[in-house]
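**Student:** Coordinates for the following, if possible.
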Amino acid sequence: MIIQAKGIEKSFGDLKVLKGIDFQVGKSEVVSIMGASGAGKSTLLQILGTLSTPDAGSLEIDGTSVLRLGSKELSSFRNRKIGFVFQFHHLLPEFTALENVMIPAFIAGRSDKDAHSAAERLLSDMGLSERMDHKPSELSGGEQQRVAIARALVNDPAILFADEPSGNLDSKTKDEIHKLFFDLRDNYGQTIVIVTHDPDLARMCDRSLFMRDGQFVDE
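**Tutor:** Presented below is the predicted three-dimensional model:
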């Protein structure tokens, strides 16, 4: 298993947001998590992505018990093993598409040549070989999201987390981004967990889980 989470609980003040979640994902599996706003989806994703710490429970990612890591070890682990794609691209406006994708590789200590080669290959695979030297303001919304996905993949992560990855896109571009996730699984063996409100995307996934009031339920 790439992810094994057991008994995950999280509260904010008196509000219990996650109530003992068990969750696991196998290698190359694409899993969606659905549910109404406030169900706990994004809180769970933040914990699975090591951006937030649960109040109780255990979490193992790619064989590492991440809740036992110190802050520096955890930052390094996150950079190497976890990729994130959000609804908003968070690309740095002053850098080109290629430079944006290279940044996590530099943080991981990879050489300029290695980072450049990996970023170039990914952007080509995303159909952006002619757009690598363009800055985000010169790219369409769909192109920006492809750059963000390439950036998330540049360190060959064990798991890719996507939070409403197509929420901002028109229907044609949305379909292209949805297909891209499954191409990543087929071509790279990528494991992907997607939080989405989109039933079409959820139906495409290997499994779709539904959250209500901080727990997984039968829809």
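**Student:** Can you find the helix or strand of the chain with the lowest average pLDDT?
**Tutor:** Ranked by mean pLDDT, DSSP states H and E, the weakest helix or strand in the chain is helix 171-188, scoring a mean of 82.
**Student:** Check which residues of that one are buried.
**Tutor:** 173-174, 177-178, 180-181, 184-185 (16 or more other C-beta atoms under 10 Å). Backbone N, C-alpha and C define where each C-beta goes, glycine included.
**Student:** what do you get for stretch 48-56?
**Tutor:** Under the neighbour-count criterion of 16+ other C-beta under 10 Å, stretch 48-56 has 48-50, 54 buried.
**Student:** how far does it sit from the chain's center?
**Tutor:** Chain-centre distance of stretch 48-56: 15 Å, with C-alpha atoms, centre = their mean, to the nearest Å.
**Student:** How about residues contacting that stretch?
**Tutor:** Here stretch 48-56 makes contact (C-beta atoms under 8 Å, 6 or more residues apart in numbering) with 3, 5, 7-11, 18, 20, 23, 43, 46-47, 59, 61, 66-67, 74, 77-78, 82, 84, 161, 193.
**Student:** tell me the centre residue of the protein?
**Tutor:** In the chain, the residue lying closest to the centroid (C-alpha atoms, centre = their mean) is Phe161, at 1.9 Å.
**Student:** From Val147, how far out is that one?
**Tutor:** 17 Å (C-beta to C-beta, to the nearest Å).
**Student:** swap in Glu60?
**Tutor:** Distance of Glu60 to Val147, given as C-beta to C-beta: 31 Å.
**Student:** which stretches of this protein form helices?
**Tutor:** Using DSSP state H, the helices found in the chain span residues 41-48, 71-81, 97-107, 112-125, 141-153, 171-188, 199-204.
**Student:** ranking the ones you listed by mean pLDDT, which is last?
**Tutor:** With a mean of 82, helix 171-188 has the lowest mean pLDDT of the helices of the chain.
**Student:** what angle sits between that helix and helix 141-153?
**Tutor:** Interaxial angle, helix 171-188 versus helix 141-153 (axes from the mean of the first three to the mean of the last three C-alpha atoms, to 10 degrees): 20 degrees.
**Student:** List only buried entries from the contacts of stretch 48-56.
**Tutor:** 3, 5, 8-10, 18, 23, 43, 46-47, 59, 61, 66-67, 74, 77-78, 82, 84, 161, 193.
**Student:** taking these one by one, which sit in strands?
**Tutor:** 3, 5, 8-10, 18, 23, 59, 61, 82, 84, 161, 193 (DSSP state E).
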